[in-house]
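>>> Provided below for reference: sequence and predicted model.
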Amino acid sequence: MKHNLSIQKLSIKAIVGILAIAWLFITIVPFIFMLLAGFKQQFEMLMGSVFDLPKGLYLKNFIDVFKGNIFIYFKNSVLVLIVSLAILLFLSACASYPLARFKFKLNKPIYAIIVACMSVPVHVTLLPIFLMTTKIGLYDSPWALIGPYVAFNLPISVFILVTFMQAIPRELEEAAEIDGCNKYKIFFNVMLPLVKPGLATLAIYNGVAIWNEFSFALVLTQTLKNRTLPLAIWEYQGQYTMNVPMIMSVLTISMLPMIIAFIFGQDKLIKGMMAGAVKG
């Protein structure tokens, strides 16, 4: 019997390992293809097979990208990302705390409305947000993107954080109240430190979405000095339609910040996902 169980465990581990290797292959091959294509010359890409290795490290594509306006797009993306995430995480935590820990009549209706907002299509709101942004004078500025980014990522963030906070033992709050802490001190000194895995997960999840967002950036900005990286890719694609290696080099440069952030934050992301799964 024990022998059969050990064989089953080994079989499951082998299957999981094979699936993990297959998924790694599926996800890493496009990036490797994109990176290698960026080192090719234009006609080398057109005349040979797209899967051929580059004949040499042709760096001119990356040099031309850096000589262009990529740093303007990059600066705007970083600014929008940092400000949006700071506001989003703070509002999510502030909204999740009373919904998860307090009992009041409108608790469930408010929570249901927030969850329902997750189903609102982004494109339905483009025109109203454009008109509102124009009226308040924020059109064609990076600040115009922060409001929509926070608003559309807030429901899913609250939904996830409420789950984290509901699983925290109430004895911790009671002990803090005995020590003389009010609700504000309990929130900042007890709840926030305990939901750091959830906040880290949300930061990476929402960060990738904000970094790659295209629709609002296209509609709410117009001039080059106010546009973000996704629009840089779009403009390079229009300018260098036939120069595929140049487009691949832009894509590689735009992806690198998120890849680096994931490498350094993957442990926190995995811990947060595991904690949420266990608590759920």
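Cool, the structure landed. Keep in mind it's a predicted model, so treat the numbers as computed, not measured.

>>> Give me the phi and psi for residue 222.
Torsion angles at residue 222 (phi, psi; degrees, to the nearest 10) stand at phi -130, psi -50.

>>> what about the helices in this protein?
Secondary structure of the chain (DSSP state H): helices located at 2-38, 42-47, 60-67, 70-101, 107-116, 126-135, 143-166, 170-178, 183-186, 192-194, 196-212, 215-220, 229-239, 244-279.

>>> any chance of the ones you listed in a markdown table, plus distance to residue 54?
Backbone N, C-alpha and C define where each C-beta goes, glycine included. Below are the helices of the chain laid out as a markdown table (distance: least, C-beta to C-beta, whole Å):
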| stretch | distance to residue 54 |
| --- | --- |
| helix 2-38 | 6 |
| helix 42-47 | 7 |
| helix 60-67 | 10 |
| helix 70-101 | 21 |
| helix 107-116 | 49 |
| helix 126-135 | 40 |
| helix 143-166 | 36 |
| helix 170-178 | 57 |
| helix 183-186 | 58 |
| helix 192-194 | 49 |
| helix 196-212 | 26 |
| helix 215-220 | 32 |
| helix 229-239 | 19 |
| helix 244-279 | 9 |
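
>>> export the ones you listed to a markdown table and tack on mean neighbour count, mean pLDDT and distance to residue 53?
What follows is the helices of the chain, written out as a markdown table (neighbours: other C-beta atoms under 10 Å; pLDDT from 0 to 100; distance: least, C-beta to C-beta, whole Å):
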| stretch | mean neighbour count | mean pLDDT | distance to residue 53 |
| --- | --- | --- | --- |
| helix 2-38 | 11 | 78 | 6 |
| helix 42-47 | 14 | 73 | 10 |
| helix 60-67 | 16 | 84 | 16 |
| helix 70-101 | 19 | 92 | 26 |
| helix 107-116 | 13 | 89 | 49 |
| helix 126-135 | 14 | 92 | 43 |
| helix 143-166 | 21 | 91 | 39 |
| helix 170-178 | 12 | 83 | 57 |
| helix 183-186 | 14 | 85 | 59 |
| helix 192-194 | 14 | 87 | 50 |
| helix 196-212 | 20 | 88 | 28 |
| helix 215-220 | 20 | 91 | 35 |
| helix 229-239 | 18 | 76 | 24 |
| helix 244-279 | 16 | 72 | 13 |
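
>>> What distance do you get for residue 102 to residue 162?
Counting by C-beta to C-beta, to the nearest Å, the gap from residue 102 to residue 162 is 12 Å.

>>> next one: residue 258
Using C-beta to C-beta, we find residue 258 at a distance of 27 Å from residue 162.

>>> And residue 206, by the same measure?
16 Å.

>>> before we move on, what about residue 61?
As judged by C-beta to C-beta, residue 61 and residue 162 stand 47 Å apart.

>>> now do residue 123
As defined by C-beta to C-beta, residue 123 lies at a distance of 27 Å from residue 162.

>>> and what of residue 218?
For residue 218 relative to residue 162 (C-beta to C-beta), the value is 33 Å.

>>> what's the nearest residue to residue 110 if we skip its chain neighbours?
Leaving aside its sequence neighbours, residue 110 sits nearest to residue 99 (C-beta to C-beta, 6 or more residues apart in numbering; 6.7 Å).

>>> ditto for residue 199
Closest to residue 199 by C-beta to C-beta, 6+ apart is residue 89, at 5.5 Å.
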